[in-house]
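1. this is a predicted model, with the sequence first.
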Amino acid sequence: MRDFTFYSPTEIIFGKNAESRAGEVVKKYGGSRVLVIYGGQSAVKSGLIDRVEKSLGEAGLSVKKIGGVQPNPTLSFARKGVLEAITFQSDFILAVGGGSVIDTAKAVAIGAADPHTDIWTYWQGKAAVKRALPVGCILTISAAGSETSDSAVLTDDAHQDKRGINTPFNRPRFALMNPELTFTLSPHQIACGVTDILMHTLDRYFTPMQSNELTDALAEALMRTVLTYGPKAVQNPRDYQAQSEIMWAGSLSHNNLTGLGAEKEFAVHQLGHELSGRFGVTHGESLSAVWGAWALYVYEKDPARFARYATNVWRMNTITDIDTAARGGIEATVRFFASLGMPTNLRELLGRPLTEQELNELADKCSRGGKRTVSRLKPLAKPDLLRIYTAANR
């Protein structure tokens, strides 16, 4: 087995009415002045925010609320949250929502702990995070896995620049996970989440560093679970079994468990980030729109790996030719995305094909002006990225 370090300190409290323990658990982790961050009005209309505020109040905690986080969380809103946290003298940040809310909470926690440094400095890689306020989560959308991850993504909405950082300071202290909180999601929201969950493991699975068999087996089992229960959740959002399986899969898919001993690939995420940053499309949609083009472009670097994926995840046990199996697994994945109603190319994603200039601009931005390559399986320079975007533009 290859060497690895595994660090996953988040306490998971999973099950019905988990959110009712918010006050108890925040207090356990030292919170007394809590800034609650949430998204749209659905959390208010459902009564969730009131229930959370009541739980915090019953625990004797002071509460300040700030709502309005949008999908593809923005730098401008995170900066606003930092000011709110500093003014309120917050000592704990509680996120109530999905990945966008949780990533915003992580950014606020970092900014409030170091008010003399603008948070975008960290996302640009110009400074290393050295401290952050503690963060807790009440999960309402199974998708990003931010509730257990060390990552956080923000979009500089003034410059259409989407970036992520990874740091141990991003690890939430706890995640309260009640699958019933996902029952009000639309089928499309669920489909986007299912895509993101699957991609978090796919981007760890297709790497040049392999040979940790248990890691591979865990990754394959998680992906089979998502393929089984994702469509069931889309078909019936109130299916508790399906929603609970998807919720737990999302957390495990992004806490690094399914990539131990391997380097993170995340090329598809990099390709997708540029689409989300420029066009404001949903994260999951940006991933499904480019995955097939990426896979067909790189699979010949390791066709045996793609063939294993086809055999162990898609159960294509009767195909003996490696190349045929590899392409079969890719095609099955694209069909799966389509079956969920997800876009599988840029025309479907944006309602039109992109111009040659737009494709060049995407490749230029993804490569940081040609100064970096993306991917370890097959390093992708700006010309490679352009070919993938072009192939996805069919």
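-> Received it, and whenever you're ready, just let me know what you need.

2. what about the helices in the stretch 201-350 of the chain?
-> Here the stretch 201-350 of the chain has its helices, by DSSP state H, counting those that start in this stretch, at 213-235, 240-253, 267-279, 283-298, 303-312, 322-339, 346-350.

3. so for A22, which of the ones you listed sits nearest?
-> Using Cβ to Cβ as the criterion, the shortest distance between A22 and the helices of the stretch 201-350 of the chain is 17.3 Å, found for helix 240-253. For every residue, glycine as well, the C-beta is placed using N, CA and C.

4. in the closest one, which residues are buried?
-> For helix 240-253, a neighbour-count test (16 or more other Cβ atoms under 10 Å) marks A242, Q243, S244, E245, I246, M247, W248, A249, G250, S251, L252, S253 as buried.

5. was I right to think the third one contacts P179?
-> Yes - A contact is recorded between S244 and P179 when judged using Cβ atoms under 8 Å, the distance being 4.1 Å.

6. out of the helices of the stretch 201-350 of the chain, which gets nearest to F174?
-> That would be helix 240-253 among these, by Cβ to Cβ, at 11.9 Å.

7. low pLDDT regions in the stretch 1-150 of the chain?
-> Along the stretch 1-150 of the chain, no part satisfies pLDDT under 70.

8. how much space between the spatially closest residue to T311 that is not a sequence neighbour and A191?
-> For T311, the nearest residue in space outside its immediate sequence neighbours is N317; the separation is 5.9 Å by Cβ to Cβ, 6 or more residues apart in numbering. N317 sits 28 Å away from A191, taking Cβ to Cβ, to the nearest Å as the criterion.

9. so between those two, which is more surrounded?
-> It is A191, of N317 and A191, that has more neighbours when counted by other Cβ atoms under 10 Å, with 24 against 10.

10. quick revisit: I'd like the helices of the stretch 201-350 of the chain as JSON lines, with mean pLDDT and distance to W123 appended.
-> Putting the helices of the stretch 201-350 of the chain into JSON lines (pLDDT from 0 to 100; distance: least, Cβ to Cβ, whole Å) gives the following:
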{"stretch": "helix 213-235", "mean pLDDT": "97", "distance to W123": "28"}
{"stretch": "helix 240-253", "mean pLDDT": "98", "distance to W123": "23"}
{"stretch": "helix 267-279", "mean pLDDT": "95", "distance to W123": "12"}
{"stretch": "helix 283-298", "mean pLDDT": "97", "distance to W123": "16"}
{"stretch": "helix 303-312", "mean pLDDT": "96", "distance to W123": "32"}
{"stretch": "helix 322-339", "mean pLDDT": "97", "distance to W123": "29"}
{"stretch": "helix 346-350", "mean pLDDT": "98", "distance to W123": "25"}
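
11. can you give me the helices in the stretch 51-200 of the chain?
-> With DSSP H, counting those that start in this stretch as the criterion, the stretch 51-200 of the chain has helices spanning 75-88, 99-113, 120-123, 187-205.

12. now do the contacts for the residue nearest to A338 when sequence neighbours are not counted.
-> If the residues on either side of it in the chain are set aside, A338 comes closest to T344, at 5.4 Å by Cβ to Cβ, 6+ apart. Under the criterion of Cβ atoms under 8 Å, 6 or more residues apart in numbering, the neighbours of T344 are S288, A289, W291, G292, V334, F337, A338.

13. most neighbours of all those residues, which one?
-> For the contacts of T344, counting by other Cβ under 10 Å, the largest number of neighbours falls to S288: 31 neighbours.

14. my read is that that residue contacts V194, right?
-> No - with the criterion set as Cβ under 8 Å, S288 and V194 do not qualify as a contacting pair; they are 9.8 Å apart.

15. P379 contacts S367, doesn't it?
-> No - the criterion here is Cβ under 8 Å, and P379 misses it with S367 at 10.9 Å.

16. for these two, work out which one has more neighbours and name it.
-> Residue environment comparison for P379 versus S367 gives the larger neighbour count to S367, 21 against 14, counting by other Cβ under 10 Å.

17. OK, contacts around that one?
-> Residues counted as contacts of S367 (Cβ under 8 Å, 6+ apart) are T373, V374, A381, K382, L385.

18. same check, this time on A132
-> With contacts taken as Cβ under 8 Å, 6+ apart, A132 has the following neighbours: K106, A109, I110, A113, F169, N170.

19. could you dump those residues into CSV and include neighbour count?
-> Formatted as CSV, the entries for the contacts of A132 read as follows, by neighbours: other Cβ atoms under 10 Å:
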residue, neighbour count
K106, 34
A109, 29
I110, 27
A113, 21
F169, 21
N170, 23
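
20. find the nearest non-adjacent residue to L340, please.
-> Across the structure, with Cβ to Cβ, 6+ apart as the measure, the residue nearest L340 apart from its sequence neighbours is A191 (3.9 Å).

21. how close does that neighbour get to I197?
-> Taking Cβ to Cβ as the measure, A191 falls 11 Å from I197.

22. shared neighbours of these two, which are they?
-> Between them, A191 and I197 have G230 as joint contacts when contacts are counted by Cβ under 8 Å, 6+ apart.

23. do you know how far A289 is from H283?
-> The gap separating A289 from H283 is 11 Å, by Cβ to Cβ.

24. what do the two both touch?
-> Here A289 and H283 have G272 as joint contacts, going by Cβ under 8 Å, 6+ apart.

25. give me phi/psi at the closest residue to A381 other than its chain neighbours?
-> For A381, ignoring the flanking residues on the chain, the nearest one in space by Cβ to Cβ, 6+ apart is T373 at 5.1 Å. The phi/psi pair for T373 (degrees, to the nearest 10) reads phi -110, psi 160.

26. no further queries at this time; thank you.
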